[in-house]
Structures are given as C-alpha cells and as structure tokens.
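> Structure for this input, please:
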Amino acid sequence: MGFEIVARNGLKLVQCSALTSRHAFSTRPGGVSEGVYGSLNLGLSSGDERERVLENRERFYTSAGFSGPLHVGHQIHGAVVNEAPMEPGTKGDALVTDRPGVPIGVFVADCVPILLEDRQTGAVAAVHSGWRGTAQKAVVAAIEAMGARYGTRPEDLVVAIGPSIKGCCYQVGSEVVEALSQFPEPAAFVRKVNGHHYLDLQEANRQLLAEVGVGEVHVSGMCTHCDADLFFSYRRDGEKSGRMLGAIERV
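Now for the predicted structure:
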C-alpha cells in the first residue's frame with residue numbers, strides 16, 4: 001500500500017492507502033489564487049489575498065471530506081505538541097487528538113508533513129517537521145504525547161510521511177548536518193556532492209519512527225522542489241511561495 005494522487009472537484013489530493021482515517025496532503029492545482037500563489041494556496045500568512053485563501057481552504061476541506069475547518073497551530077519549527085481542540089494561535093508543530101470530527105493539520109511548503117493513526121485507540125496526529133523539528137524529534141514527541149494521553153503504543157501506529165523537499169534538491173549547511181549527526185544512520189539521509197551537503201528529511205524521519213518501534217511507516221518519496229506544477233516550494237519560489245496542508249481526522 002502506498003501513495004496515490006486522487007483527482008476530486010478539480011483538486012489533486014495526495015493520499016496514503018494504508019491510513020483508514022480521513023486524510024489528505026494538498027497540492028497546488030484547483031484553487032482560485034493567481035500569480036505566484038496559483039492556485040490552491042492555503043496559507044493566510046503568505047501575502048496572498050485573504051478571500052482567495054479562505055475559498056481555497058473551503059475547497060480543500062470539502063474535497064477531502066473533512067467535517068469542517070482544521071485545527072492548526074502557530075508553527076515555530078520545534079517539537080511542541082498540542083492537543084486539539086485548542087485556542088487559535090497556540091504555538092506548536094504537532095497536534096494530537098482522539099476525538100472524532102476534529103480534523104487537525106499542519107502547513108508546509110518544503111518541510112515534511114507527517115500523519116499518524118493509532119489502529120487500536122483511533123487517536124491521530126499531524127506533525128510539521130523541518131530540519132529543526134527533525135533534529136528535535138518532533139514526531140517522537142507526538143508519539144510520546146499520544147502514549148501519555150491515549151495509551152498509544154508505537155507498534156500500533158500507521159504513519160504516512162508526505163511530500164516534502166528531498167535530498168535531490170535540499171542543500172544545507174554544516175550546522176544542519178551537525179544537528180542531525182546523532183541519528184542512527186545519518187549517511188542514509190545526508191549526501192555530499194561537490195563539497196555541498198544534501199538532506200533527505202523524509203528518510204531522517206523514517207529513521208526516527210523505526211528507532212522508537214513504529215509498526216508501519218509509508219514514505220511518499222515525492223519532492224516538492226522538483227515538481228513546480230504539483231507542489232509549492234519555499235526553497236524554489238521564495239517568501240511568496242504558497243502553502244500546503246497535511247491533515248487527518250478520526251472518523
């Protein structure tokens with residue numbers, strides 16, 4: 001079981017067949033935004049027109065089948081975990097819930113969106129993991145929070161690692177390599193080409209999940225930087241890049 005691109009209502013949604021919860025990773029086509037934000041920009045802080053972004057979000061929620069607007073946090077590139085529902089503007093990069101009908105999500109434009117589902121308890125989580133969040137093991141913090149709150153065991157989890165910038169495109173400095181040097185096999189996600197380091201965050205997070213004993217991990221392998229027609233990319237497009245969502249809802 002793997003990932004597929006599903007066309008629905010003019011949108012293209014990336015989904016993982018292993019997850020039974022309602023979920024989706026958004027892509028670029030199918031929205032009303034124009035220019036550099038064309039077309040399904042979901043980020044209100046990107047500089048796009050507010051009305052267009054709200055319309056795009058409504059299209060995404062409806063096409064993915066979510067019960068309503070997502071619960072999202074104010075992301076800070078860390079490992080803070082919050083339980084949804086929560087107050088708007090709550091800072092953190094991971095959300096957990098065991099409530100049906102409470103969709104949760106994280107914004108991305110190159111960072112890794114990770115969706116988790118507990119097949120025993122029904123609890124779900126959404127994690128935003130850039131290199132800082134990966135170094136701080138944000139996805140492990142989410143699993144620990146699920147364990148403390150809902151009794152989740154890593155071996156009962158199914159995890160989908162969504163589209164992000166990959167090692168083919170993500171050039172990083174030595175400080176990033178150093179921050180991830182404590183991982184089990186950094187050579188598997190950091191490569192050096194012509195004196196430059198390239199980082200694969202999907203593989204780094206897969207290692208974290210394997211290290212804590214997660215039962216089933218699916219990796220999209222999709223690179224947001226490579227495919228400008230399908231994905232936004234902050235590294236490729238700059239500050240005016242649109243934003244995408246990775247979201248999940250217990251049903």
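> low-confidence ranges in the stretch 151-251 of the chain?
Scanning the stretch 151-251 of the chain for pLDDT under 70 picks out nothing.
> Quick one: the strands in it, in order.
157-161, 171-172, 190-193, 196-199, 216-219, 244-249 (DSSP state E, counting those that start in this stretch).
> These: which one's closest to residue 227?
strand 244-249 (12.1 Å; Cβ to Cβ). No exception for glycine: its C-beta is placed from N, CA and C like everyone else's.
> for the nearest residue to residue 100 once chain neighbours are set aside, what are its contacts?
Nearest non-adjacent residue to residue 100, counting by Cβ to Cβ, 6 or more residues apart in numbering: residue 250, 4.9 Å away. By Cβ atoms under 8 Å, 6 or more residues apart in numbering, the residues touching residue 250 are 21-22, 97-102, 122-124.
> May I ask which of the residues you listed has the most neighbours?
residue 124 (32 neighbours; other Cβ atoms under 10 Å).
> can you pull up the bridge partners for that residue?
residue 97, residue 117 (DSSP bridges).
> Isn't it up against residue 103?
No: the criterion here is Cβ atoms under 8 Å, and residue 124 misses it with residue 103 at 9.1 Å.
> okay, and the common contacts of these two?
In contact with both residue 124 and residue 103: 248-249, using Cβ under 8 Å, 6+ apart.
> Quick check: phi and psi on the spatially most central residue of the chain?
By Cα atoms, centre = their mean, the chain has its centre lying nearest to residue 113, at 1.0 Å. Main-chain dihedrals, residue 113, degrees, to the nearest 10: phi -90, psi 130.
> wait, what's in contact with the residue nearest to it when sequence neighbours are not counted?
Counting by Cβ to Cβ, 6+ apart, residue 246 is the residue found nearest to residue 113 once chain neighbours are left out, at 2.7 Å. Taking Cβ under 8 Å, 6+ apart, we find residue 246 in contact with 23-26, 105-106, 108, 113-115, 126, 128, 162.
> Name the nearest of the residues you listed relative to residue 175.
Of those, the one sitting nearest to residue 175 (Cβ to Cβ) turns out to be residue 128, at 20.4 Å.
> Pull the contacting residues for that closest one.
75, 93-94, 106-108, 111-113, 138, 246.
> Out of those, which sit inside strands?
When DSSP state E defines the strands, the subset of these inside them is 94, 106-108, 112-113, 246.
> Can you tell me which of the contacts of residue 246 has the most neighbours?
residue 26 (34 neighbours).
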